[in-house]
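Undergrad: structure, please.
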Amino acid sequence: MVDGSQRYLLRSARKVSYAQGETLRAMSEAGIKHFSVLSYIEIDSHGVKNLGFIRKDSNNYLNCVTKGHSRVENGDAFELMQSFKTKSNDEDLFYWDIQMDENGCFSNFFYRDGRARVDYEYFGSLNVNPAFKGMFTKCMQFCDSEEEFNIVWAKMIDEFGLHDHSWLKGMHKYRHKWSTTFSTDKFCARLKATSRSESTNFVLKDGGNKTFTLFEFVKKFETIQKRWRTNKNEEDYRCRHTMPSIVVKNQPLLQHAASVYTIEIYKIFENELVNSLNIEFDSLPSLSGSVEV
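TA: Predicted structure coming up:
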C-alpha cells in the first residue's frame, strides 16, 4: 500500500497533460531553465501533489518532443545532415559541409545561412592575420601624421590584396571617425573605450552543455543567433532615430561624441570622461613644470 501523501508518485497516476507539455516545450525553447519551468507549472497547479508528474517525467517528455524517435534510431549526425539538406532546399544561400576522419566517422561540420554570407562578404573573416592586425592597429592609433597613415594603409591593402574589400573601403571612407591620426585637434585626454565584445563562451552560455547532441546545439545556437540579429536591428533603429542624453549640456566634446558614436559606445565614452574629471592633486598645480596626479 502507498501512503495517500505519496500517491501522486505512482507511475499509473503520473502523466504530462497536453497543456503542460506545450508549456514545457515553449518555455524550454525560449531558453528558460528547466527548474524555473517546473516551478512555474507547479505554482499554476497549486502544489507539487496536483502537478500530475515528477521531474523525470518532464525530462522524458522533452526528450521525446525535441529528439523524436527517428533521431534516436538514425543517429545524431545523420539527423543533423538531414536538417542541413532540408535547409539547403528551402534557402538558396544556405551552405553546409562536413568532414570525415580516416575511419569514415563524422569529424566536424560547417554551415551558414544567407544572412551570414552577406555579413561575411561585408565584414570579412574573423581570423585576422597577425601582420594585418599589426598594420591596422597602427592605422587606428599609432600614426603620427596623415601621411604616415596613408603609407601604412596603402601597404596593408597592397600586401594582402584587399583593394576590392567592401568593409575596408567603408572604414577608409570614415577614417576620420576612428583613427587618432585625424583627431589631434580634439581634446580627449587620451581616453579610449576599453570594453570588448562579450567573449564567445559568455554569449554562448545559454547554448547548451556537454550533454547536448549536435542537433540540439545547432538548434539552440540558431535561437541565439536570431536574438543577436533582432537586438542589432533594434539597436540600429535606436541609434539612427534617437540621440543619447548628454550629462553636461552644450559640452562640445560630448556633443561631438554623441554625433559620431552609437548610443552604447557614447555612454562608455561619457562615463570615462566624467570619471577622469574626478582628479585629486598631491600638490597644488603650478604654472610651470610637471604636475603629479
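
Undergrad: quick check on Tyr111: phi, psi?
TA: Tyr111 adopts backbone torsions of phi -150, psi 160, taken as degrees, to the nearest 10.

Undergrad: wait, doesn't it sit right on Tyr95?
TA: Yes - counting by C-beta atoms under 8 Å, Tyr95 is a contact partner of Tyr111 at 6.8 Å. Backbone N, C-alpha and C define where each C-beta goes, glycine included.

Undergrad: all helices for the stretch 1-150 of the chain, in order.
TA: Along the stretch 1-150 of the chain, counting by DSSP state H, counting those that start in this stretch, helices occupy 18-29, 34-44, 55-67, 69-74, 76-90, 114-123, 130-141, 146-159.

Undergrad: out of these, which is closest to Leu253?
TA: Closest of the helices of the stretch 1-150 of the chain to Leu253 is helix 130-141, at 18.2 Å (criterion: C-beta to C-beta).

Undergrad: flag every buried residue along the closest one.
TA: Buried residues in helix 130-141, counted by 16 or more other C-beta atoms under 10 Å: Met135, Phe136, Lys138, Cys139, Met140.

Undergrad: dump these to a markdown table, plus pLDDT.
TA: As requested, the buried residues of helix 130-141 are arranged in a markdown table below (pLDDT from 0 to 100):
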| residue | pLDDT |
| --- | --- |
| Met135 | 92 |
| Phe136 | 91 |
| Lys138 | 92 |
| Cys139 | 93 |
| Met140 | 89 |
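
Undergrad: mind putting those in TSV, distance to Asn63 included?
TA: Shown next, in TSV, are the buried residues of helix 130-141 (distance: C-beta to C-beta, whole Å):
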residue	distance to Asn63
Met135	52
Phe136	48
Lys138	54
Cys139	53
Met140	50
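
Undergrad: closest to Asp76 out of those?
TA: Distance to Asp76 across those (C-beta to C-beta) is lowest for Phe136, with 40.5 Å.

Undergrad: quick check: that closest one touching Lys155?
TA: No - between Phe136 and Lys155 no contact is recorded; they are 11.3 Å apart, counting by C-beta under 8 Å.

Undergrad: how about the helices of the stretch 1-150 of the chain in CSV, adding distance to Leu277?
TA: Below are the helices of the stretch 1-150 of the chain laid out as CSV (distance: least, C-beta to C-beta, whole Å):
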stretch, distance to Leu277
helix 18-29, 47
helix 34-44, 43
helix 55-67, 54
helix 69-74, 60
helix 76-90, 54
helix 114-123, 36
helix 130-141, 23
helix 146-159, 30
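
Undergrad: domain boundaries for this structure, per the record?
TA: The record's domain parsing of the chain by automatic domain parsing lists 4-67, 70-121, 124-182, 200-276.

Undergrad: give the buried residues for stretch 256-263.
TA: Buried residues in stretch 256-263, counted by 16+ other C-beta under 10 Å: Ala257, Ala258, Tyr261.

Undergrad: do stretch 37-56 as well
TA: Val37, Leu38, Ile41, Val48, Leu51, Gly52, Phe53.

Undergrad: out of those residues, flag the one nearest to Lys220.
TA: Nearest to Lys220 out of those is Val37 (C-beta to C-beta; 15.5 Å).

Undergrad: spit out the contact partners of that closest one.
TA: Residues in contact with Val37, defined by C-beta atoms under 8 Å, 6 or more residues apart in numbering, are Thr23, Leu24, Met27, Ser28, Ser58.

Undergrad: returning to that earlier point: now, which of the buried residues of stretch 37-56 sits nearest Ser166?
TA: Val37 (44.5 Å).

Undergrad: for Ser17, which non-adjacent residue is spatially closest?
TA: Nearest residue to Ser17, sequence neighbours excluded (C-beta to C-beta, 6 or more residues apart in numbering): Gly52, at 6.5 Å.

Undergrad: how much space between the one you found and Gly21?
TA: 11 Å (C-beta to C-beta, to the nearest Å).

Undergrad: could you do Asn59 as well?
TA: From Asn59 across to Gly21, the span is 12 Å (C-beta to C-beta).
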